[in-house]
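J.: structure here, sequence nowhere to be found:
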């Protein structure tokens, strides 16, 4: 890694802080549920949770119960899953590609999802049988497949054994794929979209949690857990890849299959999240660097810290998107970019000084 954002003092914490992770996550979820244009008392939230999860019969206003259970809590859960997944994908790609600027959208997934969503919503692809989320997921997989073929054609492959060359081929193929699908998205919108459709699509492209419900959470939660388990299972391999593919091979790691499997797993998880909420920038780029600065580069600590930080960051960003402008909900990607760009600049400056 060309940016070493570690501190010797970070290693003192070890794994002792992990027991607070569920408490921090629960607190963030409750905050995401309680805070909005209309604030809801925490005791009301707890009563609704008891009624819904434990079958209790606390008297609660029906409107408040609907807001809490059907709107805000499901939205907070999806935000947490999306933040966790994008941040973990950033950790994995930065380690595998040894590029500090690698993020989940490097492989053309966001651009492909955008094209798929626009093709369904504007061009009518699927004749009404495909939802916007399914179209986005299909477009993300198509874009990733093209990137894989381009990288393979460059004689590297997704799991190419020559570390620097393979990483460079994937990055360049991702850039080419992104440009191709961004051009297709712009062409479809320009040719077929009305002004109202264009506005709705642009809102979705910048990240939108307004329409998520529990049906979306049933997809987001398993995807996030899958990504977390994969990362934790391969934490030692990721430590080895940090020093290069040759070093990983010398430690007995099957470089080609492990790299390929990790990239494909992160691509699938990212595709699921993008299909649900659209493209949300800077989470997979900034959060891993910030956590390296706090807990160090060892992935046993870095992975859980990044997963928690990503979840809390996106829940907090969603709160800001709903409260920053009175009477209006901003695209969450606007908030993450406004926070993430200065934060990344600060990390870069401080990383150079340490």
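T.: Yes, it's here. These numbers come from a predicted model, not from an experiment.
J.: might you report the residue contacts of residue 48?
T.: Counting by CB atoms under 8 Å, 6 or more residues apart in numbering, residue 48 touches 58, 60, 64, 65, 68, 69. Using the backbone N, CA and C atoms, a C-beta is placed for each residue, glycine as well.
J.: isn't the third one right up against residue 43?
T.: No: shown here, residue 64 and residue 43 do not form a contact pair, counting by CB atoms under 8 Å, at 11.2 Å.
J.: between these two, which one's more packed in?
T.: residue 64 (16 against 10; other CB atoms under 10 Å).
J.: okay, that one and residue 72: tell me how far apart.
T.: Distance from residue 64 to residue 72, counting by CB to CB, to the nearest Å: 10 Å.
J.: is the residue nearest the centre of the chain within a helix or a strand, and which one?
T.: Among the residues of the chain, the one closest to the centroid is residue 86, at 2.1 Å (CA atoms, centre = their mean). Residue 86 belongs to helix 74-97 when elements are defined using DSSP states H and E.
J.: low-scoring stretches of the stretch 151-300 of the chain, by residue?
T.: Residues of the stretch 151-300 of the chain that meet the criterion pLDDT under 70 lie in 155-167, 193.
J.: show me where it has its helices.
T.: Secondary structure of the stretch 151-300 of the chain (DSSP state H, counting those that start in this stretch): helices at 163-192, 195-205, 214-233, 235-241, 245-250, 255-277, 283-295, 299-323.
J.: closest one to residue 153 among the ones you listed?
T.: helix 163-192 (8.4 Å; CB to CB).
J.: now the angle from that closest one to helix 255-277?
T.: With axes from the mean of the first three to the mean of the last three CA atoms, to 10 degrees defining the directions, helix 163-192 sits at 20 degrees from helix 255-277.
J.: state the distance from residue 239 to residue 332.
T.: Counting by CB to CB - residue 239 and residue 332 are separated by 32 Å.
J.: who's more crowded, those two?
T.: Using other CB under 10 Å as the criterion, residue 239 and residue 332 rank with residue 332 on top: 27 against 19.
J.: which residue is the nearest non-sequential neighbour of the more buried one?
T.: Nearest non-adjacent residue to residue 332, counting by CB to CB, 6 or more residues apart in numbering: residue 207, 4.3 Å away.
J.: shouldn't the one you found be in contact with residue 340?
T.: No: using CB under 8 Å, residue 207 is not in contact with residue 340, being 11.9 Å away.
J.: identify the contacts common to the two.
T.: residue 281.
J.: of the two, which one has the most company?
T.: Higher neighbour count among residue 207 and residue 340: residue 207, with 26 against 22, using other CB under 10 Å.
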